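*Asks:* Dropping the sequence and predicted coords here.
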Amino acid sequence: MKQNTFSPNIKNVSFGFRCAFSCLFSSLALALIFSILVLAYPKESSNILTEIRVFVVNWFDTLLQSP
């Protein structure tokens, strides 16, 4: 039986952590900005969220209907 000799390269692992943390930080920053905008402009935000929801539902509906 062959032994598993894979050992991760520390450079690849640290690169993965850097990518994950930058994605997490970017997502949190966007969520914070969006939350502040929702609190500052509730009526406009509600309209925008409704339009986004309709767009996403229609987009997925067309994906499901395509052959």
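*Replies:* Arrived safely.

*Asks:* How about residues contacting the helix or strand containing Phe55?
*Replies:* In this assignment (DSSP states H and E), Phe55 forms part of helix 42-65. Helix 42-65 is contacted from outside by 37-38, using C-beta atoms under 8 Å, 6 or more residues apart in numbering. Glycine gets a C-beta too; all of them are placed from N, C-alpha and C.

*Asks:* okay, which residue is most central for the chain?
*Replies:* Ser27 (6.5 Å; C-alpha atoms, centre = their mean).

*Asks:* Buried residues, stretch 32-47. List them.
*Replies:* Buried positions in stretch 32-47, judged by neighbour count with 16 or more other C-beta atoms under 10 Å: none.

*Asks:* what distance separates the start and the end of it?
*Replies:* 19 Å (C-alpha to C-alpha, to the nearest Å).

*Asks:* which regions of the protein lie under the pLDDT threshold?
*Replies:* Low-confidence segments of the chain (pLDDT under 70): 1-16, 66-67.

*Asks:* can you give me how far stretch 22-40 is from the chain middle?
*Replies:* The chain centre lies 11 Å from the centre of stretch 22-40; the measure is C-alpha atoms, centre = their mean, to the nearest Å.

*Asks:* ditto for stretch 35-45
*Replies:* Worked out by C-alpha atoms, centre = their mean, stretch 35-45 lies 20 Å from the chain centre.
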